[in-house]
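Colleague: Please work out how this folds:
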Amino acid sequence: MLEKGGSTSLEWLGQDGQIVTWLWTRTELAAAIERRTREGSLSRFQRRQVLARLDSLAESWDEVADAVAVRSRAINLLARHRIRAADAGQLGAVLLVQDHVAGPLEFVCFDRKLALAAELEGLQVLP
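Modeller: Numbering: from 1, shown residues only. Purely as a prediction, here's the structure:
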């Protein structure tokens, strides 16, 4: 069962498999999987399959691990935007990476508030 935007995300992943994500992303994804299991949306068998797919995907992505730098950016973002702390961490991480690469990054986001904050910070937001 795919989350909202899952099909679109898989299509983009097929076109560009280079993923950079925040250190906490894997924890957020695991939390969503466990929540769906508790709610009965995923069976125990499906849970194991999805967690294995997450482990496989996580091996292929790069993680932003500088928690202190991301935290600093996240705190500043919370003062400017109506977003949750975890979302501020995601946005802080992408802005930290953006400072070190040539050209704009594409920020994949299906949360309206986070997408707006990312756009206001000058990022190209998909979809």
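
Colleague: use CA for all of it now, contacts and neighbours both
Modeller: Noted.

Colleague: buried stuff in the longest helix seen in the chain?
Modeller: If you go by DSSP state H, the chain has its longest helix at helix 44-60. Using 16 or more other Cα atoms under 10 Å as the test for burial, helix 44-60 gives 47, 50.

Colleague: elements contacting that helix?
Modeller: helix 25-39 (3 or more Cα pairs under 8 Å, 6 or more residues apart in numbering; DSSP states H and E).

Colleague: just checking, what packs against the helix it packs on?
Modeller: Helix 25-39 packs on helix 44-60, going by 3+ Cα pairs under 8 Å, 6+ apart.

Colleague: got the CA coordinates for the helix it packs on in PDB?
Modeller: The C-alpha coordinates for helix 44-60 follow below in PDB (Å, rounded to 0.1, in the frame of the first residue of the first chain):
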ATOM      1  CA  ARG A  44       2.900  -8.500  10.300                       C
ATOM      2  CA  PHE A  45       4.100 -10.100   7.000                       C
ATOM      3  CA  GLN A  46       3.700  -6.800   5.100                       C
ATOM      4  CA  ARG A  47       5.400  -4.900   7.800                       C
ATOM      5  CA  ARG A  48       8.500  -7.200   7.500                       C
ATOM      6  CA  GLN A  49       8.500  -6.700   3.700                       C
ATOM      7  CA  VAL A  50       8.200  -2.900   3.900                       C
ATOM      8  CA  LEU A  51      10.900  -2.600   6.600                       C
ATOM      9  CA  ALA A  52      13.200  -4.800   4.400                       C
ATOM     10  CA  ARG A  53      12.500  -2.500   1.400                       C
ATOM     11  CA  LEU A  54      13.200   0.500   3.600                       C
ATOM     12  CA  ASP A  55      16.500  -1.000   4.700                       C
ATOM     13  CA  SER A  56      17.400  -1.600   1.100                       C
ATOM     14  CA  LEU A  57      16.500   1.900   0.000                       C
ATOM     15  CA  ALA A  58      18.400   3.400   2.900                       C
ATOM     16  CA  GLU A  59      21.600   1.700   1.800                       C
ATOM     17  CA  SER A  60      21.400   3.600  -1.400                       C
END
